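>>> Kindly return the folded structure for what I paste below:
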Amino acid sequence: MGLLDFFSKLFGGGSKQAQVLCVGLDNSGKTTIINQLKPKDTQSEDIVPTVGFTVEKFKSSAVNFTVFDMSGQGKYRNLWEHYYKDAQAIIFVIDSSDKLRMVVAKEELDLLIKHQEIKTKRVPILCFANKMDLRDALSSVKVSQMLELEKIKDKPWHICASNAMTGEGLHEGIQWLSDQLTQQKR
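Modelled structure (predicted):
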């Protein structure tokens, strides 16, 4: 522990630092979610599809998040695994109105969970069932069933219905993730 860390903890500072991987299929709303969670003065007005990845930062009451917002386009998904080693948590975003690609989203989540760098760690997984405002959106319960989240026994997971455009459901999910991360050993 460095001197700065010591004084930070001594005087009540010392929020936990967490590296989080934000993944999901393209057009699921990952970048819009991350943008909503950033401080108002740093939010972008125009959201464009992520090419490769971007790194963003935001804070909850107890955790300083560094989020790797990964492109969900098929040709970039193989990049995800290069970031698994240092990931302390996963945010998996699902377009709950995209019933046709729900199977693809499940396959990607399964590959992630079974990857050597993830399967041996107790990494919390937060799923956002996004785009709940759309007429054809599936409920978060139905999304959970289709992704077979109940089969994940060795990692804490949580699913939240969300609307990235309005921010609905996002803070509930981040609070759950913060709680999981602060319960882990520093």
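>>> which sections of the chain are below the confidence cut-off?
1-14, 185-186 (pLDDT under 70).
>>> give me that answer again for 90
Residues of the chain meeting the criterion pLDDT under 90: 1-15, 39-54, 61, 70-79, 82-83, 183-186.
>>> would you list every one of the strands in it?
16-24, 53-59, 63-70, 89-95, 125-130, 157-161 (DSSP state E).
>>> could those go into TSV alongside distance to E81 and mean neighbour count?
Every residue, glycine included, has its C-beta placed from N, CA and C. Shown next, in TSV, are the strands of the chain (distance: least, C-beta to C-beta, whole Å; neighbours: other C-beta atoms under 10 Å):
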stretch	distance to E81	mean neighbour count
strand 16-24	10	21
strand 53-59	12	15
strand 63-70	10	20
strand 89-95	12	26
strand 125-130	16	26
strand 157-161	19	21
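>>> Spatially central residue in the chain, please.
I91 (1.5 Å; C-alpha atoms, centre = their mean).
>>> Make JSON lines out of the strands of the chain and add distance to I47.
Shown next, in JSON lines, are the strands of the chain (distance: least, C-beta to C-beta, whole Å):
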{"stretch": "strand 16-24", "distance to I47": "14"}
{"stretch": "strand 53-59", "distance to I47": "11"}
{"stretch": "strand 63-70", "distance to I47": "11"}
{"stretch": "strand 89-95", "distance to I47": "13"}
{"stretch": "strand 125-130", "distance to I47": "13"}
{"stretch": "strand 157-161", "distance to I47": "20"}
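>>> neighbouring contacts of stretch 102-115?
Stretch 102-115 is contacted by residues 23-25, 28, 77, 80-81, 84, 90, 92, 94-95, 98, 118-119, 125, 138, 143, 146-148, 152, 155 when judged by C-beta atoms under 8 Å, 6 or more residues apart in numbering.
>>> for stretch 55-65, same thing?
So stretch 55-65 is contacted by 15-18, 20, 34-35, 37-39, 66-69, 174-175, 177-178, 181-182 (C-beta under 8 Å, 6+ apart).
>>> again with stretch 75-88
18-21, 23, 51-53, 68, 70-71, 108, 112, 115, 117-118, 123, 181, 184.
>>> how about the helices in the protein?
Assigned by DSSP state H, the chain shows helices spanning 3-10, 30-37, 102-114, 116-119, 140-147, 170-183.
>>> Nearest to Q43, out of those?
Nearest of those to Q43, taken as C-beta to C-beta: helix 30-37 at 5.3 Å.
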